[in-house]
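Enquirer: quick one, structure for this:
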Amino acid sequence: MPVTRLHSNIDHWPERVDMAAAFRWTARLNMHEAVANHFSLAVNDDGTEFLMNPNQVHFSRIKASDLLLLDANDPKTLEGPNSPDPTAWGLHGAVHRLCPHARCALHVHSIYATVLASLADSTLPPIDQNTATFFNRVAVDDHFGGLAFEEEAERCCSNLSDPKKTVLVMGNHGVMVTGSTVADAFNRLYYFERACETYIKALWTGQELRMISDEIAEKTAQEIEEYPGQSERHLAELKAILDAEKSDYAT
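Expert: Below you'll find the predicted structure:
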């Protein structure tokens, strides 16, 4: 049976529950980074109001009611008693100010995506179905300038201005994955890390890679984008598992 949903009178409750589930599963998949890294989700029409995780709380403990509701245009955000992490504010505030099409933004330092971000050439070639999914859909920022405070964050996020670019490989840093919903973004994050793992392990063999043609890679990417309901079912199944475990994520 589903767990009891407490605090359901809080604004944006279904979105909060989806976000909390994404945090819990990111931790379970070991794609988190101690008490760092952040997810955000726009909740108003122009994308400037967004939910984000509280400062320095482990992903495995985040609950729906914990999420902060922030305004990307509020210059006093960091002055409040429950202010977010300054780099999280810099990065996610910039995304939601500059890229309203990126409704959900998930930033992690997952191992294989970060290895890709550390290579001199951080492009992800199409060598299998998963890597082909991201053909021509990844932006690469290769001008790492330190922690993502506001100036660095705005420069970095400018790479996401093209709505087709749903993944930003942040050179020498990590990855930012975007989507229209939590389910869309989380599904993309999951498959991007899998794609990076396949590519990095293929490089380990030292053998020549069998590349998929640009034509077939683009065809594959479009087919995945048009595949009905996978993202929604993926997240629904993860929430069902959490519910069966009597997790408190949805409280």
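Enquirer: mean confidence for the helix or strand encompassing Val169?
Expert: Assigned by DSSP states H and E, Val169 belongs to strand 167-170. Mean per-residue pLDDT for strand 167-170: 96.
Enquirer: what lies in contact with it?
Expert: Here strand 167-170 makes contact (Cβ atoms under 8 Å, 6 or more residues apart in numbering) with 113, 116-117, 122, 124, 134, 137-141, 144, 156-157, 159-160, 175-178, 188, 192. In this view, the C-beta of every residue, glycine as well, is placed from N, C-alpha and C.
Enquirer: which of those residues count as buried?
Expert: 113, 116-117, 122, 124, 134, 137-141, 156-157, 159-160, 175-178, 188, 192 (16 or more other Cβ atoms under 10 Å).
Enquirer: so which of those residues belong to helices?
Expert: If you go by DSSP state H, the buried ones among the contacts of strand 167-170 have Ala113, Leu116, Ala117, Cys156, Cys157, Arg188, Phe192 in helices.
Enquirer: okay, those residues in CSV with distance to Pro75 and pLDDT next?
Expert: Output for those, formatted as CSV (distance: Cβ to Cβ, whole Å; pLDDT from 0 to 100):
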residue, distance to Pro75, pLDDT
Ala113, 32, 98
Leu116, 35, 98
Ala117, 30, 97
Cys156, 20, 79
Cys157, 18, 82
Arg188, 31, 98
Phe192, 33, 98
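Enquirer: relative to Asn44, which of the residues you listed is nearest.
Expert: The closest of those to Asn44 turns out to be Cys157 (Cβ to Cβ; 18.6 Å).
Enquirer: neighbours around the nearest residue to the closest one once chain neighbours are set aside, how many?
Expert: Excluding its sequence neighbours, the residue lying closest to Cys157 (Cβ to Cβ, 6 or more residues apart in numbering) is Ala94, at 4.3 Å. For Ala94, the neighbour count with other Cβ atoms under 10 Å is 23.
Enquirer: fine, thanks again, bye for now.
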